[in-house]
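# Here's a sequence, model it:
(chains A and B, ligands or ions: 2)
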Amino acid sequence: MPDSAHASWGRYPASRPAAVTRATDRHRAVPEAATPVLAYGNGRSYGDSCLNNGGTLVETRGLDRFIAFDPTTGVLDCEAGVLLAEILALAVPQGWFLPVTPGTQYVTVGGAIANDVHGKNHHVAGTFGRHVHELELRRTDGDCLHCSRQLNADWFAATVGGLGLTGLVTRARIGLRRIEGPYMDVDTRRFDDLDTFLKLSAAADADHEYTVAWTDCTARGRAVGRGWFMQANHKPALGQKPDPRRRGAPAFPFTTPVSMINRATLRPLNTLYFHRRWRSAWRDTQHYQPYFYPLDGIRHWNRAYGPTGFLQYQCVVPHTDARASITELLERIAAAGAGSFLSVLKVFGDVPSPGLMSFPRPGVTLALDFPNRGRPTFELLDALDGVVMAAGGAVYPAKDARMSGAAFRQYFPEWRRFSAYVDPGVSSSFWRRVMEEAQ
Amino acid sequence: MRKILIVGATSAIAEQAARRFAADGDALFLVGRRADRLEAVADDLKVRGAHTTGTHVMDADDLAAHAPMLDAAEAALGGLDTVLVAYGTLPDQAACAAEPATAVAAWHTNAVSQIALLTDVANRFERQGHGLIAAISSVAGDRGRASNYVYGSAKAGLNAFLDGLRHRLFGSGVQVLTIRPGMVDTPMTAEFDKGPLFASPEKVGGDIHKAIGKRRAVCYTPGFWWLIMTVIQSLPRAVFHRTQL
Ligand SMILES: Cc1cc2nc3c(=O)[nH]c(=O)nc-3n(C[C@H](O)[C@H](O)[C@H](O)COP(=O)(O)OP(=O)(O)OC[C@H]3O[C@@H](n4cnc5c(N)ncnc54)[C@H](O)[C@@H]3O)c2cc1C
Ligand SMILES: NC(=O)c1ccc[n+]([C@@H]2O[C@H](COP(=O)([O-])OP(=O)(O)OC[C@H]3O[C@@H](n4cnc5c(N)ncnc54)[C@H](OP(=O)(O)O)[C@@H]3O)[C@@H](O)[C@H]2O)c1
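Ligands and ions are numbered 1, 2, ... in the order given. Below is the predicted model of the structure:
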């Protein structure tokens, strides 16, 4: 039976670890195991990078202690199982914010490092790993390494974005970002095609810390790429409005027998959302919670995709020919009647990523969900890979459950150098899959 | 700001309760066996808002170490108004059944040492005329069962001791709280398959924080265990002996 307590967020593929252990004391060695181990953070990766079928998972959520926080400098030292949500609860009331945040706050610091995650401010802040001053890495042979850009710099570069394969990260020191309050100044506008998106983005990136767009993945022809563009900044202090603590978000109650996102609902939902307002542009003030984490408002929303789960696909294509490549990707998706409601476009900046295996690189990134319909879905994703490979782009391992080893090795040309740092006592379903025909 | 001593501060349950105290801005003195773990807990509680955190290494089995530890806690916090006794061990029942010394050792930690410690604390609090004593017992103390009666009987002894202590201190200004958790997902139960009856240490720690705030006498946590234990206690022996509890 697959282990539903340790599934990935896409609930695909099914997996069953041979054993599950817990790390609760950062002073202790990685728990001993009969099979290769893998750190399991909060399971917010979509595919199989946090799975270890037949191996041992080491739960890290028990490493959830803060170590030090200096409210004058914003430097936080904490254990690797601390959730970004817990950092926000601590730091926001003291005037500090995460330097980089993904679209969910329910990820651990260790997970954020291992996937070198990015957010809507990539064009100014780069990836999460850039804000990690130092980390502690425990190897299964008992070694304990302190790594930073100066100290054991090669290990730092391998571990940031290293997919948990270099060992167990037990603690990290992170530089937070100053804010005056919990509110965001958000500017939202509709755009009718991809060209307009690229222009809006180029114009906004200079004076907005956060930019991202929702795109209608059912649009075709001249409308391809149309959607809503959102640019935002942290708002300067406004009065003493209390910080509305959101608690007990409603949960999606059960796994629906079939995916709620299907051919019948896909187009109407997207079209309705595109035309959701009569006005095509407005500005408003939003609390940071709904602004950054709209999906966290419904716990277990992934259950809406039914028992077969879903696949995420996030790629980046270089700036040259980005327009043509993204158009081709979106056309293929729309033609297949695939995709979902949650499709996102964003322009990555040229801030270099610190990890050997980091995904973010200059270009345009597209991310979307696909309900798992079996073969047609996998064939479509392979075709998308064809487009991304031809464009010289890459696909994000944190969201992948199916890319071929050949594709992976083209996307991540440093994989050979990286493999020298992989802990021989560590492995993952993802790593075994993409390394199968390597050597 | 309360001045709280926690004995067994590295226990998963105690740590969660302590996070609530820290958020309240209380001053905490943390006692346990391992210095590095105690420091990790103390640092965390400091970041979470604890007014001050002191630490002290002690093995509670060493009864002679209790009084110096209490002196150190009083000196560090400038007096005490709350004591939470959270340490304990869950011995292997089969090993206890096979070897008298193992059963006695389990009793030493879970009953004898606690009685020694609580007696000293009670006398200090009675002298100062105020204070709250909270100790973590267990639903296992409500009825001896084949699967864990050595542990259960030590907790039963602790329960009766706390009942008597509460009776003795009635009217003295000193409160006594017996905490009876059900099954909790902590290192103590690492080897168990976790069914739906298992609660998280966050839940139980939160209940303890609330019960201390409300100055309750007995706290089942989660609350539904009160009902379960009432049923189990009232089962006729003929029926009880046929169960696998
Ligand atoms: C709704 C949603 C929105 C998202 N938005 C974004 C986004 O905008 N940008 C983005 O970049 N990502 C995004 N993600 C992906 C998510 O941020 C990453 O997958 C993240 O790594 C998940 O962290 P986790 O703690 O859940 O780790 P897991 O998913 O459990 O594990 C992820 C990887 O980290 C490793 N790992 C975890 N802890 C440790 C440790 N202590 N030491 C060593 N290795 C460790 C694991 O072995 C695994 O390889 C999103 C995910 C969701 C569900
Ligand atoms: N978990 C459950 O299902 C459950 C149910 C009912 C009641 N309880 C009770 O809850 C309390 C806390 O347990 P827990 O579940 O939080 O388990 P835990 O995390 O394993 O904590 C037990 C703690 O007791 C400490 N300890 C044991 N012997 C000691 C000694 N001689 N001197 C000093 N400290 C000692 C341990 O210290 P070290 O870290 O040094 O080992 C550890 O910190 C215990 O009284 C337990 O009986 C637990």
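
# dump the residue contacts of B:Asp142.
Contacts for B:Asp142 (Cβ atoms under 8 Å, 6 or more residues apart in numbering or on different chains) come out as B:156, B:159, B:180, B:229, B:232-233. All C-beta atoms are positioned from the backbone trio N, CA, C, and that covers glycine.

# Please render the residues you listed as TSV that adds neighbour count to the earlier fields.
As requested, the contacts of B:Asp142 are exported to TSV (neighbours: other Cβ atoms under 10 Å in any protein chain shown):
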residue	neighbour count
B:Ala156	19
B:Asn159	18
B:Arg180	20
B:Met229	18
B:Ile232	16
B:Gln233	10
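
# And these, which two are furthest apart?
B:Asn159 and B:Ile232 (14.7 Å; Cβ to Cβ).

# Adjacent strands (with direction) for the lengthiest strand in chain B?
The strand spanning the most residues in chain B, taking DSSP state E as the definition, is strand B:174-181. Strand B:174-181 has the following strand partners under DSSP bridges: strand B:131-136 (parallel), strand B:218-221 (parallel).

# Between these, which one is closest to A:Thr211.
Using Cβ to Cβ, the strands paired with strand B:174-181 put strand B:218-221 closest to A:Thr211, at 47.5 Å.

# quick one: contacts of whichever helix or strand comes after that closest one?
Per DSSP states H and E, the first helix or strand lying C-terminal to strand B:218-221 is helix B:225-234. Under the criterion Cβ under 8 Å, 6+ apart, residues B:139, B:142-143, B:180-182, B:220, B:240, B:245 lie in contact with helix B:225-234.

# Tell me the most packed of those, by neighbour count.
Neighbour counts for the contacts of helix B:225-234, by other Cβ atoms under 10 Å in any protein chain shown, peak at B:Pro181, which reaches 24 neighbours.

# Identify the residues contacting it.
Contact partners of B:Pro181, counting by Cβ under 8 Å, 6+ apart, are B:13, B:136, B:138-139, B:199, B:204, B:220-221, B:225.

# And it, how far from B:Ser11?
Distance, B:Pro181 to B:Ser11, using Cβ to Cβ, to the nearest Å: 11 Å.

# quick one: the longest strand of chain B to chain centroid distance?
Centroid separation between strand B:174-181 and its chain, computed with Cα atoms, centre = their mean, to the nearest Å, is 9 Å.

# I'd like the strands paired with strand B:174-181 as a markdown table, with mean pLDDT appended.
Putting these into a markdown table (pLDDT from 0 to 100) gives the following:
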| stretch | mean pLDDT |
| --- | --- |
| strand B:131-136 | 98 |
| strand B:218-221 | 97 |
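
# Tell me which of those is the most buried.
Compared across these, strand B:131-136 shows the largest average neighbour count, a mean of 24 (mean count of other Cβ atoms under 10 Å in any protein chain shown).

# Taking chain B, what residue is nearest to ligand 2?
Residue of chain B nearest ligand 2, by Cβ to the nearest ligand atom: B:Gly88 (2.6 Å).

# Checking my notes, that residue in a helix, right?
No - counting by DSSP: H, G, I helix; E, B strand; the rest coil, B:Gly88 is not part of a helix but coil.

# helix/strand/coil for A:Phe430?
Quick answer, by three-state DSSP: A:Phe430 is helix.

# Residue numbers of the stretch 101-250 of chain A in contact with chain B?
Within the stretch 101-250 of chain A, no position is adjacent to chain B by Cβ under 8 Å from any Cβ of the partner chain.

# can you list the residues of the stretch 101-250 of chain A near ligand 1?
Applying Cβ under 6 Å from any ligand atom, one finds that the stretch 101-250 of chain A approaches ligand 1 through A:102-104, A:107-108, A:110-112, A:114-115, A:117-119, A:163-164, A:168-169.

# Any quick PyMOL command for the buried ones out of those?
Listed next is the PyMOL selection for buried residues among those, using 16 or more other Cβ atoms under 10 Å in any protein chain shown:
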select buried, chain A and resi 102+103+104+107+108+110+111+112+114+115+117+118+119+163+164+168+169
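
# Extract the CA atoms of the helix or strand bottoming out on mean pLDDT in chain A and return them as PDB.
Counting by mean pLDDT, DSSP states H and E, chain A has its least confident helix or strand at helix A:263-274, which shows a mean of 86. The C-alpha trace of helix A:263-274 is given here as PDB (Å, rounded to 0.1, in the frame of the first residue of the first chain):
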ATOM      1  CA  ARG A 263     -12.500  19.200 -19.800                       C
ATOM      2  CA  ALA A 264     -15.900  20.400 -18.800                       C
ATOM      3  CA  THR A 265     -14.700  22.900 -16.200                       C
ATOM      4  CA  LEU A 266     -11.300  24.000 -17.600                       C
ATOM      5  CA  ARG A 267     -12.300  26.500 -20.300                       C
ATOM      6  CA  PRO A 268     -15.300  28.100 -18.500                       C
ATOM      7  CA  LEU A 269     -13.200  28.600 -15.300                       C
ATOM      8  CA  ASN A 270     -10.300  30.200 -17.200                       C
ATOM      9  CA  THR A 271     -12.500  32.400 -19.400                       C
ATOM     10  CA  LEU A 272     -14.600  33.500 -16.400                       C
ATOM     11  CA  TYR A 273     -11.500  34.400 -14.500                       C
ATOM     12  CA  PHE A 274     -10.000  36.300 -17.400                       C
END
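
# No further queries at this time; thank you.
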